[in-house]
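J.: this one's sequence-less:
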Ligand code: S3P
């Protein structure tokens, strides 16, 4: 569906409270750990985005009973992984890289069962060798196009061997996949990788009592997990996704007056890099830690105020893992900033749901914002005063569609986003939330 957006005309100086979508990464992990555990688990305030529904459908195909009670809770009733059934249909990961890469670590270890893993057109172009190669070293049998680099993949479950992995990317999906596989292997599975990727899997495993330890050096992190480890059924509550809040954080800073408040936002330094960047760009952002915890992680209240000048800033390569999904919306902020910004080391963006580096540049171009891709870096001139009315095709990439919608808020003329509904992947209520911000 195509959607037309432009700046509203109300100039009231209110601070609006927005309930952004719940956390995608945590909902995936909650579904997976609950499905592996024997007993009944409840996931309170889950994200019911298309990606998480893909994770649910995969575990249902393995015989796990999963009841979705609206946005309030998901109930998972499992007999544990030892009772997973031979699926009669391919496991469909849809658009979800997290489902595909994490579940591979689980499926590879289910001896006696064979699985087909499929996904949509975008996911079928995303590289899987980053997990398939290390899993094969543990004894996994996985085959598919380009020697197992792309879906559809066939996985024949095996007994896996614990081993040491050296990973060359700061990728939470790779790290999590290998730790999940390590849960089924006898002995110590170690993962060493460049530091900074999200640490939710480690936190949940520790919370569940796994023998897991980790440490960081100047530029690497190292995790040891002793297997086998059996997870326990538990009730968890999912906080607001900082990656979803980032869109409204930028919108709030771009308002001429008033502001936006977002409660219950996940407070984890491996996820909130965008707040540091916006903090360098503006005085208008505050984050206050809340007393309560959600799931196994703390939360806080994010407030952004409009009417203040934004200043351009640089993002260094080692910051990228903590804001890897926020580059498109940070680029929108940089377009309006005083002075240039240079975002360095964005090679991983090329293998996300789209080539996000190219598509972010295409969005800036369409809006009339001066920019340049320099190798794997993105330079943005800043100083954009007036957004050119644009028509933009996000190519099914939810984060590009939402970035375009925020950008369109600064256009005096209507802008058009094609396939605007792709936001359902991570933030199904995005446009409803956007409509509640009725001032410019
Ligand atoms: C995710 C990890 C990140 C992120 C993705 C979700 C996760 O990918 O981009 O949206 O839940 O583990 P990488 O770990 O591949 O960078």
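T.: Structure's in. What do you need? The structure displayed is predicted, hence computed values, not measured ones.

J.: only C-alpha atoms for contact and neighbour calcs from this point on.
T.: Fine.

J.: does residue 403 really touch residue 329, like I thought?
T.: Yes: the pair residue 403 / residue 329 is scored as a contact, 5.1 Å apart, by Cα atoms under 8 Å.

J.: how far does whichever strand or helix holds residue 53 sit from its chain's centre?
T.: Using DSSP states H and E, residue 53 falls within helix 50-61. Averaging C-alpha positions (Cα atoms, centre = their mean, to the nearest Å) puts helix 50-61 16 Å from its chain's average.

J.: quick thing: my sequence starts at 58, can you match it?
T.: All right, first residue 58 from here; so that's helix 107-118.

J.: by how many degrees do whichever helix or strand comes after it and helix 107-118 diverge?
T.: For helix 107-118, the following helix or strand on the C-terminal side (DSSP H and E) is strand 122-126. Strand 122-126 and helix 107-118 are oriented at 140 degrees to each other (axes from the mean of the first three to the mean of the last three Cα atoms, to 10 degrees).

J.: quick revisit: find the residues that touch each one of residue 460 and residue 386.
T.: Common neighbours of residue 460 and residue 386 (criterion: Cα atoms under 8 Å, 6 or more residues apart in numbering): residue 304.

J.: quick one, helices of the stretch 208-357 of the chain?
T.: Shown for the stretch 208-357 of the chain, the helices assigned by DSSP state H, counting those that start in this stretch span residues 229-239, 257-264, 299-311, 330-338.

J.: contacting residues for the closest residue to residue 208 other than its chain neighbours?
T.: Nearest residue to residue 208 in three dimensions, chain neighbours excluded: residue 181, at 4.9 Å (Cα to Cα, 6 or more residues apart in numbering). Residue 181 is in contact with 175, 207, 208, 209, counting by Cα under 8 Å, 6+ apart.

J.: check the secondary structure at residue 181 for me.
T.: At residue 181, secondary structure determined by DSSP: H, G, I helix; E, B strand; the rest coil is helix.

J.: quickly list what the closest residue to residue 344 other than its chain neighbours is bridged to.
T.: Beyond its immediate neighbours in the sequence, the residue positioned closest to residue 344 (Cα to Cα, 6+ apart) is residue 359, lying 4.5 Å away. With DSSP bridges applied, residue 359 shows beta-bridge pairing to residue 319, residue 344.

J.: up against the ligand, what does the stretch 158-307 of the chain have?
T.: Residues of the stretch 158-307 of the chain found near the ligand (Cα under 6 Å from any ligand atom) are 228, 229, 230.

J.: picking up where we left off before, let me see the mean pLDDT of the helix holding residue 110.
T.: Average pLDDT, helix 107-118: 98.

J.: show me what it is packed up against.
T.: Counting contacts by 3 or more Cα pairs under 8 Å, 6 or more residues apart in numbering; DSSP states H and E, helix 107-118 packs against helix 81-93, strand 148-149, helix 154-164.

J.: got CSV for these, with mean neighbour count and mean pLDDT too?
T.: Rendered in CSV, the data for the helices and strands packed on helix 107-118 read as follows (neighbours: other Cα atoms under 10 Å; pLDDT from 0 to 100):
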stretch, mean neighbour count, mean pLDDT
helix 81-93, 25, 98
strand 148-149, 22, 98
helix 154-164, 24, 98
